[in-house]
Every structure is written in structure tokens, then in C-alpha cells.
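> pasting a predicted model and its sequence here:
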There are 2 protein chains.
Amino acid sequence: MQNIPVSDLPTSVQFDFTTGIFAPALDLSERRISDLAEMYYDQAAVQKMLQGGNPVIYEIRYHPFVTSNSDMSLGVTRLFPGKVGDEYHMTKGHFHERLDQPEIYFCIHGEGYLLLETREGDFRAERWQPGTITHIPPQWAHRVVNTGSDVLFFVASYHIAAGHDYAAVAQRGFAQVVVERDGKPTFVPNPRRQ
Amino acid sequence: MQNIPVSDLPTSVQFDFTTGIFAPALDLSERRISDLAEMYYDQAAVQKMLQGGNPVIYEIRYHPFVTSNSDMSLGVTRLFPGKVGDEYHMTKGHFHERLDQPEIYFCIHGEGYLLLETREGDFRAERWQPGTITHIPPQWAHRVVNTGSDVLFFVASYHIAAGHDYAAVAQRGFAQVVVERDGKPTFVPNPRRQ
């Protein structure tokens, strides 16, 4: 977002546990299938969704808390349920640009996985349910996958200075993708890396 | 806590929304009335509670997430309901030692206030209910007060490097105290500063 306001005063927002929406938010990003088209392996399914109304896959509300000398920020993502082909809805995923910037994610509602991977290829998947809190160390790319039938939402705490590097993930994805097999979430090697 | 473990791997804990307890925690602090004795203005009430079993006023579970080059941390406080005389249960309150360290508090359950005050005497009180998320800017002392009849619990995200300065608050308290008057939470000037 542009022109982030600076304030040295305490600031509160109100989060709704039933919807995952908080207010006031200073910014809202919507990610449609068109924004994520290259991320999913089944390009025929992507094309069909693009022609079928280009649905929103997830949205993020932000409230940066920028003071004279600090830059903590709040972000809440609502990741809608569904699949692209047999691949579950997921966020873009990103590395932090800065190499010393971690993040805390707090899953409030829904079920799925947090995928993590280093540039060296160390891959992890953290199983998420309501109440799972995960610390994402610096230098681990992170992506959330919604494997449930309801919206998944989570609260993120990070620093604006961390920055977002989406390119590496956009090009290669993660080591594994989460697809539905026999009605269940299943991890398989990423076809885009074969 | 001593000997904080260092790990560059993702770490998850599981938070229980009904109790405010998460596991695994790496440390647990209990604060009894004996730890807070000087904080309350009604010293006769404090003495009575000390003789009556020295009850726990609140407890904090911690999970520091220390990596090779970062130090985010998670803390969850459970502040039990009750009063010392007519002053509602509250946390010690503290400044951060470092002048550039903010913190995010997320009220999950209960009701009360987050009191904030600068060293220059600017005082604020944020009304808390479940879902209130407050950003505490650097250089604002902060204390939580439980004015409800149930436990209040909140999740904190901060950096270990922030440090805790309890002395200034212990000596002077906050500009106002929250007491029960006619059955309702009421702000009055801090008698300890008169």
C-alpha cells in the first residue's frame, strides 16, 4: 500500500472470530485466479476458472502500525475453500526479502497446511487447525493451503521491512503440492518441477 | 527464562480458545498477589489476600522463537477475574527497555482495558473485548485490567530484545486505576500519585 500513515499512539482494531474480518483495515488485497494462474499445475482448470468469472481465491486485510521508529504490521488472510483441478486453494507464497525477518501466523478458523521451504530445498508442511500458531523462521518461503470445506483464516504478525519476494515461488512453486486423492488431501511431488 | 533454545526450523504450538492455554510452552510464569503487592493501592486488602492463601492473579506461557538471526516471541497471559479491595485484577505492566520496540496484543477472551502511558504522562485506556487487537507503540508502558467475571486471556507478539522495565511502573503505577463503583468499572486518579 502507498502512503502508510505514521502514528506514535496506541491503535486498536476489532477482529470478528466468525468471519475473519477486522476493522478498521487500512488496505485490502483480493487475489483472484488470474493473479495466481501460473501457480497451479492444472492449466486447463485455470483457464476454465478464468472464463467462469475469475473467482476470488483469498483476500488479505492489512493494518500496518508504523511509528517514528518501528514497523510492526497485522495482516489477516481469508482463504476460501475449493480446488483448481484437484489442487486445493492456496496463497501465492513468498520469501521475505530481508534475510533476518521471521513471521508469526495464527490459524483462527479452518483446516489445511502451512507449506515452508528454504532456497536449499528443505521442505516442511505444518498441519493447521484452529488455534495452531506457527513461527516462520527467516529464509523460509511460506504458503497456506485450505484443504477444508470452509473458509480458512489466519492472523499474521510481521515487520513491513521484511518485504515480499514472490518471484522465486511463482517460478518454481514448493517441493510438493496438496491435491485431493480418494477424497483426501494428499502430498505429491510438484509436477512443475518434474 | 534461561537458555532459550535456538532453532532455524519452523515451529508450531497449539492454542486452546476455550482455556487460553497453548502447548508446548517453553516457560510459565505465575504472578501471585505477593508478586504484585506494591501495585495495588489498598494495602489492607493486599495483606488480607497474602494471609488468605496468596492467590495467583495471572499466569503467562511463553514460547520464544529464537533463530540464528531473529528473536520473535509468543506470550499468552491468562488474567483471572477478581479485585484487590475495589481495584480490578491487573498485570504488573512494563515499559520495553529498548526504545524502538512495539508489541501486538490480541484479546481472545474476557473483557477489560489495556492501560497505556508514556514517561511524559500521556495516558490512554483501550477498551477490550474478544477480538480486540491493539498495537502498543514503543515507549508506552502497558498493563491489562480484567473487569469481567471470567478469565481474560490475550496473545502477545514481540521481540525478546525489547526487554522489560518493570521498575518505573512498580514505583508510580499508571495515571488512573480501574476500580468498581456502583457495580461498574470506573476510572479514578491513581491514589498512589496523590
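Cool, got the structure.

> does the lowest-mean-pLDDT helix or strand in chain A reach chain B?
Least confident element among the helices and strands of chain A, by mean pLDDT, DSSP states H and E: helix A:167-172 (a mean of 91). No: judged by C-beta under 8 Å from any C-beta of the partner chain, helix A:167-172 stays clear of chain B, getting no closer than 15.8 Å. Heads up, the C-betas are built off the backbone N, CA and C, glycines and all.

> what's the first helix or strand after that helix?
strand A:176-181 (DSSP states H and E).

> quick one on the thing from earlier: distance from the chain centre to the least confident helix or strand of chain A, please.
Remark: helix A:167-172 is offset 14 Å from the chain centroid, using C-alpha atoms, centre = their mean, to the nearest Å.

> name the residues of that helix that come out as buried.
Residues of helix A:167-172 classed as buried: residue A:169 (neighbour count, 16 or more other C-beta atoms under 10 Å in any protein chain shown).

> does anything pack onto that helix? Which helices or strands?
strand A:140-146 (3 or more C-beta pairs under 8 Å, 6 or more residues apart in numbering or on different chains; DSSP states H and E).

> export the strand it packs on to CSV, keeping only CA atoms.
The C-alpha trace of strand A:140-146 is given here as CSV (Å, rounded to 0.1, in the frame of the first residue of the first chain):
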residue,chain,number,x,y,z
TRP,A,140,11.7,-20.0,4.7
ALA,A,141,9.2,-19.4,1.9
HIS,A,142,5.6,-19.9,3.2
ARG,A,143,2.3,-20.7,1.6
VAL,A,144,-1.1,-21.6,3.1
VAL,A,145,-3.3,-24.3,1.7
ASN,A,146,-7.0,-24.7,2.5
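
> elements contacting it?
By 3+ C-beta pairs under 8 Å, 6+ apart, strand A:140-146 packs against strand A:70-79, strand A:103-109, strand A:112-118, strand A:152-159, helix A:167-172.

> would you list these in TSV and tack on distance to residue B:85?
TSV is the format used below for these (distance: least, C-beta to C-beta, whole Å):
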stretch	distance to residue B:85
strand A:70-79	36
strand A:103-109	36
strand A:112-118	47
strand A:152-159	36
helix A:167-172	57
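
> of those, which is nearest residue B:188?
Nearest of those to residue B:188, taken as C-beta to C-beta: strand A:70-79 at 32.1 Å.

> who does the closest one pair up with?
strand A:56-67 (antiparallel), strand A:152-159 (antiparallel) (DSSP bridges).

> okay, those strands in TSV with mean pLDDT, mean neighbour count and distance to residue A:114 next?
Converted to TSV, the strands paired with strand A:70-79 look like this (pLDDT from 0 to 100; neighbours: other C-beta atoms under 10 Å in any protein chain shown; distance: least, C-beta to C-beta, whole Å):
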stretch	mean pLDDT	mean neighbour count	distance to residue A:114
strand A:56-67	98	20	14
strand A:152-159	98	24	8
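
> among those, which is nearest residue B:43?
strand A:56-67 (37.2 Å).

> kindly export the closest one (C-alpha atoms) in CSV.
What follows is strand A:56-67, C-alpha atoms only, in CSV (Å, rounded to 0.1, in the frame of the first residue of the first chain):
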residue,chain,number,x,y,z
VAL,A,56,-11.5,-14.6,-5.6
ILE,A,57,-9.3,-17.3,-4.1
TYR,A,58,-8.3,-15.3,-1.0
GLU,A,59,-8.2,-11.8,0.4
ILE,A,60,-5.9,-10.0,2.9
ARG,A,61,-6.8,-7.1,5.2
TYR,A,62,-3.8,-5.2,6.5
HIS,A,63,-3.2,-2.7,9.2
PRO,A,64,0.4,-1.5,9.3
PHE,A,65,1.4,0.0,12.6
VAL,A,66,4.1,2.4,11.6
THR,A,67,5.6,4.6,14.3
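
> that'll do, ta.
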